[in-house]
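# Would you be able to build a 3D model of this:
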Amino acid sequence: MYYSSGNYEAFAHPLKPEGIENKSAYIIGSGLAGLTAACYLVRDAQMDGSRIHILEKDALPGGACDGWDYAQLGFTMRGGREMDNHFEVMWDLYRDIPSIEDPNMSLLDYYYYLNKKDPNYSMCRATVNRGQDAHTDNKFGLSDKGQMEIMKLFFTPEKELENKVITEYFDDEVLNSNFWLYWRTMFAFENWHSALEMKRYIQRYIHHIDGLPDFSALRFTKYNQYESMILPMVNYLKDHGVDFQYGVKVDDVQFDIEPDHKVVTGLQITKDGKQEQLDLTENDLVFITNGSCVENSSFGSQDEPAKFNTELKPGGVWDMWKNIASQDKSFGHPHKFCSTPEKTNWMSATVTTLDDKIPPYIEKITKRDPFSGRVVTGGIVTVKDSNWLMSWTFNRQPQFRDQPKDQLVGWIYGLFTDVPGNYIKKPMRDCTGKEICMEWLYHLGVPEDQIEEMAEKSANTIPCMMPYITAFFMPRQKDDRPNVVPEGAKNFAFIGQFAETPRDTIFTTEYSMRTGMEAVYTLCDIDRGVPEVWGSAYDVRDLLYATTKLRDGKPITDMDLNPVEKMALKTALKKIKDTDVYNLLVEFGNVPDEELKEELPDAKAQIM
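I've put the predicted structure just below:
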């Protein structure tokens, strides 16, 4: 496997790999990584679909990408997905997956035109004082010192960041800024999370720094993540005869391990309550989803809290990874991620409005008609003064294809589940759906004498506790996540959020899909490049533009420098005055030059 960029490789169709007709595939888990691996086996490895077996312990596919209507509960979404125009693997695959909305259009084309006609941006990023605009005003609010802390992390090698936490690099100069409010709520980072992962995120999305305050960098699907992303992939695979087996738990993976030759020889599974043994050969390719951010997640209801279930029992995904890891040091260290649920949990809740009482409060804050079918919140609205650090969103409606036209389905989440709320004096993890809705309505500005009745009769709210939802953000070192294809592996690969691939960022759809593509391309020896992670971190234009935007538009000449530093900067600028380097600094707003600015085209337009 090798990485590539550009149209030359992107538009090529791979030749059929030699001997593929003699191989079979067993994919453990039907999340986004597993489905992606299956799709690439069909499309690019050209494996017969009947030889691909997807083993899923649950009753439905999709893993963390869910969106279901439970008869006994109502509409539920454990999370949501934010997409970027440079999710290179996602768009490579989705150009050949038919849309469920229009089978004559690919998933990519439908998504592209949806977001062209209805671009995403937020009209209110944060609120305070019960529904009042917090007026973050698209500003980062970083001091010069805070900006230097971010820059230092950006340029620190990953090796030096191993096992370190964010607060070892950021202090109050960053942590009390709008930048951190935007960042932690958008990506679900906590102060104690990995500095290494924080660095990767900053580098990965440096080209979108100006779209962070108002979410104009993001693109969303028409419906929930299950119906818009998972279901089209499942339909594609079924059309090609892929074998889906539900209710099948993989308890252990058996290996024959030599120093430079590692082979999966069998799977120990539990099916219909009975243990079975699947004996495999080197021609049986095994794709292992190790670890899960939604393992042990539990739903509550309108009148019952969701249980905080932290006990990892035999038969789960974490247990399987522990069994695997005990067999070879190159298979990772799951305990680094699943041992501290107090540091890896947060809660979400799906709220469905049942009448016309709540929508006006949503419209007042978002400044948009939530029933228009177009963008509503444009991303999350963060309640800046919430004890739970609550955020909420209503994406395009309906969120479910079978959703009644007079209802809205939205999503609420809180990062701090162990502290009492502002209105409901209980920790979020102890609250029923109704109580979570009451806290939300309080922050929307609903009069207090109407809150309880509205939460009970005008909404149905389903809470979900996820003890390991940010397990992958825990501080780690290089070998804690196994490589997609470990050294010496002949017929197996690790896929998903707990497999290691360079430069990309976990907790994204792209990361899961990238590991699936890399696994198939490596094990099947497909002669076509895997698209590299978008290289904005190496593009001087993006770096210069981001510098200006991070400074809220102020040039570097406005920095608070001592006399010696000011003189050094002035001397350096004078020496490069009549060069392309200086012109770039002016073009991207790093230094003022009003006369030259008028001669130059719009800088951001040139990048895009």
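# isn't Trp534 right up against Trp91?
No - using CB atoms under 8 Å, Trp534 is not in contact with Trp91; the gap is 11.0 Å. In this view, the C-beta of every residue, glycine as well, is placed from N, C-alpha and C.
# just the helices in the stretch 401-550 of the chain please.
433-444, 448-457, 509-523, 540-550 (DSSP state H, counting those that start in this stretch).
# and of the ones you listed, who's closest to Ser372?
Comparing these by their distance to Ser372 (CB to CB), the top pick is helix 433-444, with 19.1 Å.
# what is the mean pLDDT for the closest one?
For helix 433-444, the mean per-residue pLDDT is 98.
# Repeat that for stretch 348-365.
The average pLDDT for stretch 348-365 rounds to 98.
# Between the two ends of it, how far is it?
20 Å (CA to CA, to the nearest Å).
# Could you pull out the buried residues of that stretch?
348-354, 357-359, 361-363, 365 (16 or more other CB atoms under 10 Å).
# Pull the number of nearby residues for Lys367.
12 (other CB atoms under 10 Å).
# so how far is stretch 79-97 from its chain's centroid?
11 Å (CA atoms, centre = their mean, to the nearest Å).
# and that stretch, average pLDDT?
Rounded mean pLDDT across stretch 79-97 is 93.
# go on, stretch 1-17?
95.
# Could you pull out the buried residues of it?
Buried positions in stretch 1-17, judged by neighbour count with 16+ other CB under 10 Å: 1, 9, 17.
# And the contacts of it?
With CB atoms under 8 Å, 6 or more residues apart in numbering as the test, stretch 1-17 has contacts from 44-46, 92, 485, 518, 521-522, 524-532, 535.
# Quick one: buried ones out of these?
Listed as buried from the contacts of stretch 1-17 are 44-45, 92, 485, 518, 521-522, 524, 526, 528-532; burial here means 16+ other CB under 10 Å.
# and the two most separated of the residues you listed?
Longest span within these, CB to CB: Ala45 and Glu532, 20.4 Å.
# Ser348 versus the closest residue to Glu456 other than its chain neighbours, what's the distance?
With sequence-adjacent residues excluded and distances taken as CB to CB, 6 or more residues apart in numbering, Glu456 is closest to Lys434, at 5.8 Å. To Ser348, Lys434 is 16 Å away according to CB to CB, to the nearest Å.
# ditto for Met105
According to CB to CB, Met105 stands 31 Å off from Ser348.
# Please apply the same query to Asn460.
Distance, Asn460 to Ser348, by CB to CB: 15 Å.
# just Pro427 next, same as before
15 Å.
# Can you measure across stretch 471-478, start residue to end residue?
Start-to-end, stretch 471-478 (CA to CA) is 16 Å.
# for stretch 236-249, that is, sorry about that
Start-to-end, stretch 236-249 (CA to CA) is 24 Å.
# repeat for stretch 221-240
Span of stretch 221-240 from end to end, CA to CA: 25 Å.
# Kindly report the same for stretch 160-174.
Chord length of stretch 160-174, first to last residue, is 20 Å (CA to CA).
# same check, this time on stretch 541-558
Using CA to CA, the two ends of stretch 541-558 sit 20 Å apart.
# same deal with stretch 498-510?
End-to-end distance for stretch 498-510, by CA to CA: 13 Å.
# State the mean pLDDT of that stretch.
97.
# can you give me the offset of it from its chain's centre?
In terms of CA atoms, centre = their mean, the centre of stretch 498-510 is set 9 Å apart from its chain centre.
# How about stretch 377-392?
The answer for stretch 377-392 is 18 Å, by CA atoms, centre = their mean.
# distance between the ends of that stretch?
Start-to-end, stretch 377-392 (CA to CA) is 9 Å.
# cool, stretch 463-474 as well?
Start-to-end, stretch 463-474 (CA to CA) is 24 Å.
# So what's the gap between that stretch and the chain middle?
On the basis of CA atoms, centre = their mean, stretch 463-474 sits 13 Å off its chain's mean C-alpha point.
# Give me every residue in contact with stretch 295-315, excluding its own residues.
Contacts for stretch 295-315 (CB under 8 Å, 6+ apart): 57, 70, 72-73, 76, 78, 249, 251, 270, 316-319, 338, 341, 345, 347, 417, 429-434, 456, 460-469.
# In strands only, show me those.
Secondary structure from DSSP state E places 70, 76, 249, 251, 270, 347, 460-466 of these in strands.
# out of those, which one sits closest to Asn85?
Met466 (28.3 Å).
# wait, doesn't that closest one sit right on Met347?
Yes - if you go by CB under 8 Å, Met466 and Met347 touch, sitting 7.0 Å apart.
# in this protein, what spans have low per-residue confidence?
Along the chain, the parts satisfying pLDDT under 70 run over 594-608.
# Kindly recompute the last result at 80.
593-608 (pLDDT under 80).
# So Ile288 sits against Ala489, correct?
No - Ile288 is beyond contact range of Ala489, at 10.3 Å (criterion: CB under 8 Å).
# So if I had to pick from the two, which one is more boxed in?
A direct count of neighbours by other CB under 10 Å for Ile288 and Ala489 places Ile288 higher, at 29 against 25.
# could you say which helix or strand contains the more buried one?
Secondary structure from DSSP states H and E places Ile288 in strand 284-289.
# One more: Asp303?
Here Asp303 is covered by no helix or strand, with elements defined by DSSP H and E.
# Do a quick rundown of the strands in the stretch 451-600 of the chain.
Secondary structure of the stretch 451-600 of the chain, counting by DSSP state E, counting those that start in this stretch: strands at 459-466, 492-495, 530-531.
# Then the stretch 201-350 of the chain?
Under DSSP E, counting those that start in this stretch, the stretch 201-350 of the chain gives strands at 243-246, 248-258, 261-271, 274-279, 284-289, 298-299, 346-353.
# Pick the most buried one from those.
With neighbours defined by mean count of other CB atoms under 10 Å, none of these is more surrounded on average than strand 284-289, at a mean of 27.
# Listing partners with orientation, what would you give for it?
strand 24-28 (parallel), strand 492-495 (parallel) (DSSP bridges).
# could those strands go into JSON lines alongside distance to Tyr582?
Output for those, formatted as JSON lines (distance: least, CB to CB, whole Å):
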{"stretch": "strand 24-28", "distance to Tyr582": "54"}
{"stretch": "strand 492-495", "distance to Tyr582": "47"}
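# count of residues packed around the residue nearest to Glu456?
Other residues close to Lys434 by other CB under 10 Å number 21.
# what's the answer for Thr377, then?
Neighbour count of Thr377, defined by other CB under 10 Å: 24.
# Setting aside sequence neighbours, what's the nearest residue to Met123?
Spatially, and ignoring its direct neighbours in sequence, Met123 is nearest to Lys367 (4.3 Å; CB to CB, 6+ apart).
# If you could redo that for Thr509, that was the one I meant.
In space, and not counting its chain neighbours, Thr509 is closest to Arg81: 5.3 Å by CB to CB, 6+ apart.
# Look up how far Leu32 lies from that neighbour.
Taken as CB to CB, the span from Arg81 to Leu32 is 9 Å.
# ok, now Asn178?
For Asn178, the distance to Leu32 - CB to CB - is 31 Å.
# what sits up against whichever strand or helix holds Trp180?
If you go by DSSP H and E, Trp180 is part of helix 178-187. Defining contact as CB under 8 Å, 6+ apart, one finds that helix 178-187 is touched by 82, 125-126, 136, 139-142, 146, 150, 170, 174, 189-190, 201, 212-213, 215, 379-380, 382, 384, 389, 391, 415, 507, 550.
# what's the answer for stretch 431-449, then?
With CB under 8 Å, 6+ apart, stretch 431-449 has contacts from 127, 130-132, 300-305, 347, 349, 351, 358, 361-362, 364-365, 383, 386, 388, 390, 392, 412, 421-424, 426, 428, 451-452, 454-456, 459-463.
# thought Lys364 was touching Gln132?
No - under the criterion of CB under 8 Å, Lys364 makes no contact with Gln132, lying 10.2 Å away.
# After the helix or strand hosting Glu149, which helix or strand is next? Please name it.
Per DSSP H and E, Glu149 falls inside helix 144-155. Downstream of helix 144-155, the next assigned helix or strand under DSSP H and E is helix 158-161.
# Sounds good, over and out.
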